[in-house]
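K.L.:
Could you work out the structure for the sequence below:
(2 chains)
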2 protein chains.
Amino acid sequence: MKYWSQMRALSSPKAARKTDIRSAANPVPVFRFRLRITAGKRIAIGPGKVALLEAIRATGSLTAAAKSLEMSYRRAWLLLDELNKSLETPAVESAQGGEHGGGSRLTPVGEQLVAIYRRIEGNAAASNARDIKRLLAMLAD
Amino acid sequence: MKYWSQMRALSSPKAARKTDIRSAANPVPVFRFRLRITAGKRIAIGPGKVALLEAIRATGSLTAAAKSLEMSYRRAWLLLDELNKSLETPAVESAQGGEHGGGSRLTPVGEQLVAIYRRIEGNAAASNARDIKRLLAMLAD
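P.N.:
Model (predicted):
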């Protein structure tokens, strides 16, 4: 049961860092699922886009979301544009006054997307707990 | 049930390509899980290393495995070295005569690692089938 607490903590990078109590030379192994939906070479939905949606929800604007992710505004804008173009309905709506001026918030579709994506990650970790333990047990101390 | 056949095909990139029957402008979306075990900044186990193990198993040598993955020998060697150092027991053993001369094959630990890793991927896709369908249904046609 050695790694159980790490496995529980995976979905949040911040939580994973908190559990990183061993020395830098011998860090605690962390297991992560990353899911992507690709359409050709384009990543329609992936971890970067979902993290951006969560940051927009937390900060209320694309500018602040980009900053919180240490990402350029341009990069965040491009990610969001690609996501919105991939979806039947946009994930984010911006208030009047332009994206730099007004705020941005998730649409119901954006909220649903984040919820389903994170649920899949959590469920994948939970339903594979025994095999994940087996892989972790193969690692050198 | 529109995307079911794609969802079934995810674990193998080759199978995913086979299902790519729409035009390049409007390709079939493909869902992929990628799992990584990281220790600090090092990726101990991840998709690249598992693909390399499978290629070594298929070809019987690191040189041929690297070639089949369109990877330099040096890159393949470094990946394998990092993997072996991460594990309690090495995943690959090389015949006498050096890695360029003799062949390489998976150890029982290497075989087990590949089997568990692919089982986790398959199980993660199967146990999240309904949510994966929900995400795919949110994409524009």
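K.L.:
C-alpha from now on. contacts and neighbour counts both.
P.N.:
Noted.
K.L.:
Find the residue closest to A:L35 in space, skipping its chain neighbours.
P.N.:
B:F33 (4.5 Å; CA to CA, 6 or more residues apart in numbering or on different chains).
K.L.:
what secondary structure does that neighbour sit in?
P.N.:
strand (DSSP: H, G, I helix; E, B strand; the rest coil).
K.L.:
Quick check: pLDDT value at the spatially most central residue of chain A.
P.N.:
The centre of chain A sits closest to A:A51, judged by CA atoms, centre = their mean, with a distance of 3.7 Å. Note for A:A51: predicted pLDDT of 97.
K.L.:
From the contact counts, what lies against the biggest helix by length in chain A?
P.N.:
For chain A, the longest helix by residue count, based on DSSP state H, is helix A:108-127. Helix A:108-127 sits against strand A:29-39, helix A:47-59, helix B:108-127, helix B:129-137, with contacts defined as 3 or more CA pairs under 8 Å, 6 or more residues apart in numbering or on different chains; DSSP states H and E.
K.L.:
Can you point out the buried residues in that helix?
P.N.:
Going by neighbour count (16 or more other CA atoms under 10 Å in any protein chain shown), the buried part of helix A:108-127 is A:109-114, A:116-118, A:120-122, A:124-125.
K.L.:
same deal with stretch A:59-77?
P.N.:
Quick answer for stretch A:59-77 (16+ other CA under 10 Å): A:T59, A:G60, A:S61, A:L62, A:T63, A:A64, A:A65, A:A66, A:Y73, A:A76, A:W77.
K.L.:
Next, format the residues you listed as a markdown table and append secondary structure.
P.N.:
Formatted as a markdown table, those follow (three-state DSSP):
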| residue | secondary structure |
| --- | --- |
| A:T59 | helix |
| A:G60 | coil |
| A:S61 | coil |
| A:L62 | helix |
| A:T63 | helix |
| A:A64 | helix |
| A:A65 | helix |
| A:A66 | helix |
| A:Y73 | helix |
| A:A76 | helix |
| A:W77 | helix |
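K.L.:
could you give the angle of the longest helix of chain A to strand A:29-39?
P.N.:
140 degrees (axes from the mean of the first three to the mean of the last three CA atoms, to 10 degrees).
K.L.:
Output the below-cut-off pLDDT ranges for chain A.
P.N.:
A:1-26, A:96-101 (pLDDT under 70).
K.L.:
tell me which parts of it are close to chain B?
P.N.:
A:24, A:26-40, A:85-89, A:109, A:113, A:116-117, A:120, A:123-125, A:127-128, A:131-132, A:134-136, A:138-141 (CA under 8 Å from any CA of the partner chain).
K.L.:
Would you show me how to pick out the buried ones of those residues in ChimeraX?
P.N.:
Buried residues within those, by 16+ other CA under 10 Å, are selected in ChimeraX with:
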select /A:27,28,29,30,31,32,33,35,36,37,38,39,40,86,87,89,109,113,116,117,120,124,125,128,131,132,135,136,138,139
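K.L.:
before we move on, back to that, wait, the residue nearest to A:L35 touches A:I45, no?
P.N.:
No - judged on CA atoms under 8 Å, B:F33 makes no contact with A:I45 at a distance of 11.9 Å.
K.L.:
Find the residues that touch each one of the two.
P.N.:
Residues touching both B:F33 and A:I45 (CA atoms under 8 Å, 6 or more residues apart in numbering or on different chains) are A:R36.
K.L.:
Tell me how far stretch A:55-75 lies from the chain's centre.
P.N.:
Its chain's C-alpha centre and that of stretch A:55-75 lie 13 Å apart, by CA atoms, centre = their mean, to the nearest Å.
K.L.:
that older thread, could you tell me the angle between the longest helix of chain A and helix A:129-137?
P.N.:
70 degrees.
K.L.:
and helix A:108-127 with helix A:47-59, angle?
P.N.:
Going by the same axes, to 10 degrees, helix A:108-127 makes 120 degrees with helix A:47-59.
K.L.:
which residues does A:S72 contact?
P.N.:
A:A66 are the contacts of A:S72 under CA under 8 Å, 6+ apart.
K.L.:
For it, give me phi and psi.
P.N.:
Per-residue torsions, A:S72: phi -70, psi 150 (degrees, to the nearest 10).
K.L.:
picking up where we left off before, and of the buried residues of helix A:108-127, the nearest to chain B?
P.N.:
A:A124 (4.9 Å; CA to the nearest CA).
K.L.:
The closest one is in contact with B:A129, isn't it?
P.N.:
No - the pair A:A124 / B:A129 is not scored as a contact, 10.8 Å apart, by CA under 8 Å.
K.L.:
Appreciated, that's everything.
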